[in-house]
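S.K.: build the 3D model from these lines:
(one chain, ligands or ions: 1)
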Amino acid sequence: MSNERETESTPERVVVVGAGLAAVRTAEELRRAGYEGELVLVGDETHLPYDRPPLSKEVLRGDRDDTTLRPSEFFGENRIELMLGAAARSVDTASRTLTLSDGTELGYDELVVATGLRPRRIPGLPDLAGVHVLRSLEDSRALREAIVPGARALVVGAGFIGCEVAASLRAREVEVVLVEPQPTPLASVLGAEVGALVTRLHTAEGVDVRAGVGLSEIRGDGRVTSAVLGDGRVTSAVLGDGRVTSAVLGDGRVTSAVLGDGSEIDVDLVVLGIGSIPATEWLEGSGVEVENGVVCDGTGRTSTPHVWAVGDVASWQVPAGGRRRIEHWTNAGEQASVLAKTIMGVEAGAAAQVPYFWSDLYDIKIQGLGAVTADDTVHVVRDDGRKFLAYYERDGRFVGAVGGGLPALVMKSRAKIAAGAPIDELLTAAV
Ligand SMILES: Cc1cc2nc3c(=O)[nH]c(=O)nc-3n(C[C@H](O)[C@H](O)[C@H](O)COP(=O)(O)OP(=O)(O)OC[C@H]3O[C@@H](n4cnc5c(N)ncnc54)[C@H](O)[C@@H]3O)c2cc1C
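M.R.: Numbering: from 1, shown residues only. You can find the predicted model right below:
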């Protein structure tokens, strides 16, 4: 990685693309590190920067609607210019110019990429009403408005978001089928042992968990659901089913879903929780290296001078070796602190040695410490039928702990995880 910044004077204009959590934290940390120059946040959404974790929890359940991160005065007081409803379209890294979708050009001394993720969609899936994704406030509100007690929902994908959506829908008295091609929910992130404990939580709350099976098809009510218009006439159309008899546009609704095992489920709602992809399309042709996220060293520096990346979109080098993109709230703030100090030429050290995440399912808060993976050996050291604690082992070392409803036990393992303590020591103590 090369970046000549440290040999130059303090930048006069830092432009952050994206106006989510990582962008706001970067701006705050730059001010904290003594940056006095211009600070511009360019965000394609029109809301004040807001928090996403409540979107699958309180907002969906109808307990809260405003998740704004900072009041508007905060940005004025800290001389942070917000350009909202403005999408970055391209960047010329030689002249250090960002171009927005309306053609506006914006020069920068340092550019920070904080554009997060976009929900993955299934190519070829018909565009039917009743099919939702969940990443933005609009997504959450749209799904919330579609919920009526007794509705039948299919949640596709049992990662964190799919699991939380299932739990929130149950709280709103929706019947839920949760499908997941892996052997259990969360298997690809926490392993199947903890996944089985999560299955049990869902099942106890009445969710019909169908693991080891994927979605094959969704079916609509038979009307034309989208069409491409040429010279005023319909030139091609996508059908819910059957033949074109008349063109009724835009009101086809999902009615059922077919799973990989051939079973067909009647549904009113489908929520796709099949993961997300880094929002880097605007960097194409810029020379900034992208490989499942923006490639960075351990401080957010990219291979292109004066370009940095932070948060969900960034793939940082990690102390254990290799690179990793971390899609968790705490990570965005921790990386922002390291990145801001580095831009200011202050020695910052690596981002957190022991990453933290949480997820809320029913009355149980799942918490994790450490960079755990599904390939680690998992030891379930406590299980009372609902609450649980699992230790993660790699090469004989303690690398992480994941708990459900046992916050103190998870948190107290931080020092041992940081030290990479021998797992036997932990297992003996846990007995
Ligand atoms: C529903 C949901 C629930 C979550 N729950 C938890 C949880 O319980 N625990 C946890 O640890 N983490 C959780 N997370 C993850 C956490 O919210 C993210 O890690 C965090 O939001 C990352 O912040 P970010 O700023 O990197 O990305 P984002 O918050 O996605 O912000 C990026 C912003 O950039 C904008 N943007 C994209 N492209 C452009 C462009 N070309 N030009 C301008 N702007 C652009 C986007 O629209 C967005 O506003 C959850 C996420 C979601 C979606």
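S.K.: neighbours of the residue of the stretch 301-431 of the chain found nearest the ligand, how many?
M.R.: Going by C-beta to the nearest ligand atom, the ligand is nearest to G311 of the stretch 301-431 of the chain, at 2.3 Å. Where you see a C-beta, it was placed from the backbone N, CA and C, and this is true even at glycine. Counted with other C-beta atoms under 10 Å, residues neighbouring G311 total 33.
S.K.: please parse the protein into its domains.
M.R.: 5-118+276-343, 131-272, 363-430 (automatic domain parsing).
S.K.: contact residues of the stretch 51-200 of the chain facing the ligand?
M.R.: Counting by C-beta under 6 Å from any ligand atom, the residues of the stretch 51-200 of the chain lying close to the ligand are 52-53, 55-56, 87-88, 114-117, 134-135, 161.
S.K.: look up how far E138 lies from the closest residue to P71 other than its chain neighbours.
M.R.: Leaving aside its sequence neighbours, P71 sits nearest to L48 (C-beta to C-beta, 6 or more residues apart in numbering; 7.8 Å). The gap separating L48 from E138 is 14 Å, by C-beta to C-beta, to the nearest Å.
S.K.: equivalent analysis for V14, please.
M.R.: 28 Å.
S.K.: ok, these two, which is more surrounded?
M.R.: V14 (24 against 12).
S.K.: so who does the residue in the stretch 101-250 of the chain positioned nearest to the ligand touch?
M.R.: Going by C-beta to the nearest ligand atom, the ligand is nearest to G116 of the stretch 101-250 of the chain, at 2.3 Å. By C-beta atoms under 8 Å, 6 or more residues apart in numbering, the residues touching G116 are G18, G20, A22, P278, A279, G311, D312, V313.
S.K.: please redo it, this time with the cut-off set to 7 Å
M.R.: By C-beta atoms under 7 Å, 6 or more residues apart in numbering, the contact list for G116 reads G18, G20, A279, G311, D312, V313.
S.K.: same check, this time on G191
M.R.: Neighbour list for G191: A374, D376, V378 [criterion: C-beta under 7 Å, 6+ apart].
S.K.: which of the residues in the one helix or strand K365 maps to are buried?
M.R.: K365 belongs to strand 364-369 when assigned by DSSP states H and E. Across strand 364-369, burial judged by 16 or more other C-beta atoms under 10 Å covers I364, I366, Q367, G368, L369.
S.K.: now check that strand, is it near the ligand?
M.R.: No. Strand 364-369 does not reach the ligand (C-beta under 6 Å from any ligand atom); its nearest approach is 8.8 Å.
S.K.: which other helices and strands contact that strand?
M.R.: Contacts defined by 3 or more C-beta pairs under 7 Å, 6 or more residues apart in numbering; DSSP states H and E place strand 364-369 against strand 356-361, strand 397-404, helix 407-411.
S.K.: bridge partners for V294, pull those for me.
M.R.: V290, A314 (DSSP bridges).
S.K.: what sits against it?
M.R.: By C-beta under 7 Å, 6+ apart, V294 lies in contact with V113, T280, V288, T302, A309, V313, A314, S315.
S.K.: next: P183.
M.R.: P183 neighbours (C-beta under 7 Å, 6+ apart): A192, G195, A211, G212.
S.K.: hmm, try it at 10 Å
M.R.: Neighbouring residues of P183 by C-beta atoms under 10 Å, 6 or more residues apart in numbering: G191, A192, G195, A196, T199, A211, G212.
S.K.: show the pLDDT at the residue most central in space within the chain.
M.R.: With distances taken as C-alpha atoms, centre = their mean, E327 lies nearest the centre of the chain, 5.0 Å away. Per-residue confidence at E327 stands at 95 (pLDDT).
S.K.: what do you get for E6?
M.R.: With respect to pLDDT, E6 scores 42.
S.K.: going forward, begin numbering at 408 instead of 1
M.R.: Done: numbering now begins at 408, and the last item shifts to E413.
S.K.: you'd agree the residue nearest to P478 is in a strand?
M.R.: No. L455: not assigned to a strand; according to DSSP: H, G, I helix; E, B strand; the rest coil it is coil.
S.K.: on the three-state scheme, T835 is what?
M.R.: Going by three-state DSSP: T835 is helix.
S.K.: run a quick neighbour tally on it.
M.R.: 9.
S.K.: cool, G803 as well?
M.R.: Using other C-beta under 10 Å, G803 is surrounded by 10 other residues.
S.K.: that one and K823, how far apart?
M.R.: 13 Å.
S.K.: ok, V745 next?
M.R.: Between V745 and K823 the computed distance is 23 Å (C-beta to C-beta).
S.K.: got it, and E688?
M.R.: With C-beta to C-beta as the criterion, E688 and K823 are 42 Å apart.
S.K.: swap in K464?
M.R.: K464 is 30 Å from K823, by C-beta to C-beta.
S.K.: likewise for R804?
M.R.: Distance from R804 to K823, by C-beta to C-beta: 10 Å.
S.K.: just T475 next, same as before
M.R.: Distance, T475 to K823, by C-beta to C-beta: 38 Å.
S.K.: with neighbour numbers in mind, choose between those two.
M.R.: Using other C-beta under 10 Å, the more surrounded residue of T475 and K823 is K823, with 22 against 13.
S.K.: okay then, goodbye and thanks.
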